[in-house]
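Asker: Sequence and computational prediction follow.
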Amino acid sequence: MSLPLAPPTQSPRSTLGIVVVGHGSREPAANAELEALVARWAASRPSGAAPMHDVTLGYVELARPLVADALVAAGARHDRVVALPLFLFAAGHVKNDLPLALDVARARQPRVRYEAARALGVSPALASLVWTRALAAAPELADAAEAAKTAVVVVGRGASDPDANGDFVKLVRLAGEGRTLAMCEPTFIGITRPLVDDTLDRVARCRPDRIVVVPYFLTAGRLLDKLRGQLDAFAARHPWIRTRLAAHLGADAALFGLMDERVSEATEGARPLECDGCQYRVPLPGRAAEVGGLKALLFSLRHGFTHAQARPHVHAHKAIAKHVLVCANADCADRGSVALIDELRRRIKDAGKKDAIKVTRTSCMGRCGEGPTMVVYPDGIWYRGVAPVDAGEIVQEHLLGDRLVARLVDNIMQ
């Protein structure tokens, strides 16, 4: 059902509707926290601040309503709808899923003006909020001498998008700049490196008096629980270092101000979501066949089979026999998908098939909680719950022998 976070006006069609786009979680508590955060933002706006009469929330996955449905519902009430991605950085969900959802809404309601705001991104306001959270956890940081003996470690979720990871590192640098800290280090809880345990052990070798860990998460949830466990284990290994866990970002005036800014940018046409005009996401003249989603996948597959048959050119190559996609997003990475990718590649190389069978690391494949997930093309066979120890069987039976590994097949996705 649609989540009304601010009541619509009495007129049947008000000027502007906002659909806040969240990730979505299998944990009701995480979704409830996000809904409460957005409700507080909607309630915090002065009545005359902007012609925003209606705020709703849509999810990319794992919760309802989904983004496309929320956008269509908002379009039934408004002539203009802005999608505000409540994501810290622009990675796969913002660059792919949101533009595709906007395409669906525009096709169903062509008279409605749909626009996309930018993700929160690198912002001085959020850099200051990191420091605020660290200071609340360790008031001693207000003293420059104590700050010089303190290491601050900021933990990001991690993404398969290197641009998003680079933006996170930049923001951490801004958060620590000019603070007289001994160190201010970025690290990731999954998907990419450096990982939390490695960073904490490296920081410990510098012998700080204390380490303040700031979780750069919008809401609490499984990742925060995992981080607490990692810090407990670290404290047991290094009892001489005082370790403190700061609060996650959560609802805050700094965050609300940035959300206002992103909406204003979109409504004024100043800085729209760059990907919203990408030739692979909207049907531009002469490029309709390359629009994302299923069409892009089919285009890629067709290319693989026809490339070698085309007129020879400087980069001609043989078509590969099989293409294996393995999810390396947070949930699957936590369950061992990165090790699975390495093991698949090693066994394929040992079999002498590295030029015929490719293994690609992907972002979320929509099967969170049931991974690691992988799919084999052109066969179109999905597997779930694939552990690194299963790599040998997958390679020998399916990739080399064209026999399904029935116990791992994800029947829902066939």
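Answerer: Thanks, I have the structure now.
Asker: residue ranges of the strands in the stretch 151-300 of the chain, please?
Answerer: Counting by DSSP state E, counting those that start in this stretch, the stretch 151-300 of the chain has strands at residues 183-188, 210-215, 242-245.
Asker: Now tabulate those in JSON lines and tack on mean pLDDT, mean neighbour count and distance to Arg335.
Answerer: Quick note: C-beta positions are derived from backbone N, CA and C, even for glycine. JSON lines is the format used below for the strands of the stretch 151-300 of the chain (pLDDT from 0 to 100; neighbours: other Cβ atoms under 10 Å; distance: least, Cβ to Cβ, whole Å):
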{"stretch": "strand 183-188", "mean pLDDT": "97", "mean neighbour count": "21", "distance to Arg335": "16"}
{"stretch": "strand 210-215", "mean pLDDT": "98", "mean neighbour count": "25", "distance to Arg335": "21"}
{"stretch": "strand 242-245", "mean pLDDT": "97", "mean neighbour count": "17", "distance to Arg335": "24"}
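Asker: can you redo the ones you listed as CSV with distance to Arg108?
Answerer: Listed next are the strands of the stretch 151-300 of the chain as CSV, based on distance: least, Cβ to Cβ, whole Å:
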stretch, distance to Arg108
strand 183-188, 38
strand 210-215, 38
strand 242-245, 45
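Asker: Which of those sits closest to Ala328?
Answerer: Minimum separation from Ala328 across the strands of the stretch 151-300 of the chain (Cβ to Cβ) falls at strand 183-188, 12.2 Å.
Asker: For that closest one, C-alpha coordinates in CSV please.
Answerer: Provided in CSV are the C-alpha atoms of strand 183-188 (Å, rounded to 0.1, in the frame of the first residue of the first chain):
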residue,chain,number,x,y,z
MET,A,183,43.8,9.5,11.6
CYS,A,184,40.4,9.5,9.9
GLU,A,185,40.0,6.3,7.8
PRO,A,186,37.3,5.1,5.4
THR,A,187,36.4,1.4,5.4
PHE,A,188,33.7,-0.9,4.1
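Asker: List of residues touching it?
Answerer: Applying Cβ atoms under 8 Å, 6 or more residues apart in numbering, the contact partners of strand 183-188 are 151-158, 165, 168-169, 172-173, 175-176, 194-196, 198-200, 203, 206, 208.
Asker: Show me what the helix or strand containing Asp342 is packed against.
Answerer: Per DSSP states H and E: Asp342 is located in helix 337-350. With contacts taken as 3 or more Cβ pairs under 8 Å, 6 or more residues apart in numbering; DSSP states H and E, helix 337-350 sits against strand 322-327, strand 357-362, helix 391-393.
Asker: nearest to Ala144, of those?
Answerer: Here strand 357-362 is closest among those (Cβ to Cβ), at 43.4 Å.
Asker: Go through the closest one and flag the buried ones.
Answerer: Within strand 357-362, the residues that count as buried by 16 or more other Cβ atoms under 10 Å are Ile357, Lys358, Val359, Arg361, Thr362.
Asker: How about stretch 362-375?
Answerer: Along stretch 362-375, these residues count as buried under the neighbour rule (16+ other Cβ under 10 Å): Thr362, Ser363, Cys364, Met365, Arg367, Cys368, Gly371, Pro372, Thr373, Met374, Val375.
Asker: Please identify the one among those residues that lies nearest to His323.
Answerer: Checking those against His323 by Cβ to Cβ gives Val375 as the nearest, at 8.9 Å.
Asker: Figure out which of the strands of the stretch 151-300 of the chain is closest to Arg384.
Answerer: Judging those by Cβ to Cβ, what sits closest to Arg384 is strand 183-188, at 24.3 Å.
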